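# Based on what follows, work out the 3D shape:
(one chain, ligands or ions: 1)
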Amino acid sequence: MTAPSNATAEDERPRLSAAQAVALTLLRDGSPAATIQRRTGIALQGLYPLAVAWQITAPCGTVEGAECHIARGEDTCKPCQRVKGKADAQARAQRKIRDTRRQVTATRTSHRPQARNGRPRSRHGAAT
Ligand SMILES: [Zn+2]
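Below is the predicted model:
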């Protein structure tokens, strides 16, 4: 009952759909994530592990390149780090704006009593 386990690494690669193959090609050619997602409908977060399996990497000095480094579990190179740092800072700034908006909304509605479910915790299975 022994299954043949001498499969090559290539056989272990996940199969690609046509859209995934196009997405990987675009990724390799340096297309931004937004473009790839728009053209193929594939979110890059799910594509990076595939890119690793198929040994495809986005050009360095792009956010996608940085994500490829991260997906491979290695340190980002200088150009990638710079771009990623900028993108992260931008994301943080956007989050901050969102949080500020939420705080403003919360302040406006704070006169309302909080509808919180303060149910006491029951101890299941705890025998006396
Ligand atoms: Zn790089």
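
# which helix of this protein spans the most residues?
Secondary structure of the chain per DSSP state H: the longest helix is helix 78-108.

# Which strands and helices lie in contact with it?
helix 63-71 (3 or more CB pairs under 8 Å, 6 or more residues apart in numbering; DSSP states H and E). C-beta here means a position set from N, CA and C on the backbone, and glycine is covered the same way.

# In the helix it packs on, which residues are buried?
63, 64, 65, 66, 67, 68, 69, 71 (16 or more other CB atoms under 10 Å).

# so which of those are also by the ion?
Among these, the ones lying near the ion by CB under 5 Å from the ion are residue 65.

# can you redo the buried residues of helix 63-71 as a markdown table with distance to residue 46 and pLDDT?
Shown next, in a markdown table, are these (distance: CB to CB, whole Å; pLDDT from 0 to 100):
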| residue | distance to residue 46 | pLDDT |
| --- | --- | --- |
| 63 | 16 | 94 |
| 64 | 13 | 94 |
| 65 | 17 | 96 |
| 66 | 17 | 96 |
| 67 | 12 | 94 |
| 68 | 14 | 95 |
| 69 | 17 | 97 |
| 71 | 11 | 95 |
